[in-house]
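Undergrad: Build me a model:
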Amino acid sequence: MEKARAIATMLLAATAFAGTPAMAQQGTESKGATANTERANAAVRQAMTMNDKQDFEDATRGLMAQLKDSIVKASDGRVVWNTQRYEFVKGDPPATVNPSLWREQKLNTAAGLLCSRSSTASTRSAATTWPT
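TA: As a prediction, this is how the structure comes out:
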């Protein structure tokens, strides 16, 4: 019961401090990458360790509970966070997107209540930390 109360309290607190999230444009046609963009993204891809799984393990370490609902609303009913908006970020990046940014967003999709080694609980995606 205490764990559920702590989770509820942190999610409610997170909604109070969360602003309007940046949103990807939806329903727009992609123009495709230019040759310069493709070359630049290929260089980034070669310079990165794209198959390193340690970052993904680190991003979910301490996960105590996942969000039950992918849409978090304020007490007045307005949407303050919607993880469904980022569901398109899966697999390999399209040619138009920098691979490091695509990978970073995939790392940021771990949403829920996390507890770090310093005994600080954090609601991921709302970027708010509270002492436990």
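Undergrad: where do the helices sit along this protein?
TA: Ranges of helices in the chain, per DSSP state H, are 2-17, 35-47, 54-60, 99-107.
Undergrad: Just the buried positions in stretch 87-99, please.
TA: 89, 93, 97, 99 (16 or more other C-beta atoms under 10 Å). In short, each C-beta sits where N, CA and C put it, glycine included.
Undergrad: In contact with the closest residue to the second one other than its chain neighbours, which residues?
TA: Spelled out, it's residue 93. Excluding its sequence neighbours, the residue lying closest to residue 93 (C-beta to C-beta, 6 or more residues apart in numbering) is residue 102, at 3.5 Å. Applying C-beta atoms under 8 Å, 6 or more residues apart in numbering to residue 102 gives the contacts 89, 92, 93.
Undergrad: what's the neighbour count on residue 114?
TA: Neighbour count for residue 114, taken as other C-beta atoms under 10 Å: 19.
Undergrad: isn't it right next to residue 63, touching?
TA: Yes. Counting by C-beta atoms under 8 Å, residue 114 touches residue 63, with 5.4 Å between them.
Undergrad: In the protein, where is pLDDT below threshold?
TA: Within the chain, the stretches with pLDDT under 70 are 1-28, 50, 117-132.
Undergrad: Now with 90, please.
TA: Low-confidence segments of the chain (pLDDT under 90): 1-33, 45-72, 81-92, 94-95, 104-132.
Undergrad: beta partners of the closest residue to residue 64 other than its chain neighbours?
TA: Once flanking residues are discounted, residue 64 sits nearest to residue 113: 4.7 Å by C-beta to C-beta, 6+ apart. Applying DSSP bridges to residue 113 gives these bridge partners: residue 65, residue 123.
Undergrad: how close does residue 113 get to residue 62?
TA: Using C-beta to C-beta, to the nearest Å, residue 113 is found at 9 Å from residue 62.
Undergrad: Comparing these two, which residue is more hemmed in?
TA: Legend: neighbour count by other C-beta under 10 Å for residue 113 and residue 62, higher for residue 113 (21 against 16).
Undergrad: Might one say that the more buried one is in contact with residue 60?
TA: No. Using C-beta under 8 Å, residue 113 is not in contact with residue 60, being 11.7 Å away.
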